[in-house]
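Colleague: Here's my sequence, what's the structure:
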Amino acid sequence: MDAVEKTARDLLLERGVTIEEIAELVYELQSNYHSALTIQACIDNIDRVLSKREVQNAIITGIQLDKLTEKKMLDEPLQSILARDEGLYGIDEIIALSIVNVYGSIGFTNYGYVDKMKPGIIKKLNDKSSSYCHTFLDDIVGAIAAAASSRLAHRREHTE
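Modeller: Have a look, this model is predicted:
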């Protein structure tokens, strides 16, 4: 693991997101299609997703913007837009889609589902009552889960 991957993984943990919580999302997305799916298989696929430089860059960029928002270090109107997680902003989803795009179109469907339903850790991250800003992180976590799910689906197709 190089320094950039380590930084990305450390930032996820610092922000309260574990690989196991992301694995639960992957399991929810894929268990209907893989009868023998295990959490460990989900974790293995997440690890592969996190090994990609594009994914690491998205994590680092998004979390940095969330942290700067918490510290009120951005100029207006961006500061208020990110603090409110304004629905029409959309750049948070664009960064997340850069993660999903690494593993093909099936990831877009999975991402849309978790973005709309907000299961598991995403619901916690999307809670606006905390003092933390997760405007980017909730979408990034959903995208990691969607990409890992897509990777699982692609690998299954190649083995059957």
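
Colleague: so the residue nearest to the spatial centre of the chain, which of the three states?
Modeller: With distances taken as CA atoms, centre = their mean, the chain has residue 141 as the residue nearest its mean C-alpha position (1.8 Å). Classification of residue 141 using DSSP: H, G, I helix; E, B strand; the rest coil returns helix.

Colleague: shouldn't it be in contact with residue 123?
Modeller: No. Counting by CB atoms under 8 Å, residue 141 stays clear of residue 123, with 10.8 Å between them. (Glycine included, C-beta is placed from N, CA and C.)

Colleague: lowest-confidence helix or strand of the chain?
Modeller: helix 137-159 (a mean of 89; mean pLDDT, DSSP states H and E).

Colleague: Show me what it is packed up against.
Modeller: If you count contacts as 3 or more CB pairs under 8 Å, 6 or more residues apart in numbering; DSSP states H and E, helix 137-159 packs onto helix 19-30, helix 39-50, helix 53-70, helix 91-100, helix 106-117, helix 120-125.

Colleague: Give me the common contacts of residue 141 and residue 123.
Modeller: Counting by CB atoms under 8 Å, 6 or more residues apart in numbering, residue 141 and residue 123 have no common neighbour.

Colleague: contacting residues for the closest residue in space to residue 128 that isn't next to it in sequence?
Modeller: What sits nearest to residue 128 in space, not counting adjacent residues and going by CB to CB, 6 or more residues apart in numbering, is residue 85, at 7.0 Å. Going by CB under 8 Å, 6+ apart, residue 85 touches 92, 126, 128, 133, 134, 135.

Colleague: and residue 108, what is it in contact with?
Modeller: 97, 100, 146.

Colleague: Now for residue 95: which residues touch it?
Modeller: Here residue 95 is in contact with 58, 61, 62, 136, 139, 140 (CB under 8 Å, 6+ apart).

Colleague: Apologies, that question was intended for residue 20.
Modeller: Contacts of residue 20 (CB under 8 Å, 6+ apart): 39, 43.

Colleague: try the one 5 residues further on
Modeller: Residue 25 is in contact with 114, 119, 120, 121, 122, 141, 142, 145, counting by CB under 8 Å, 6+ apart.
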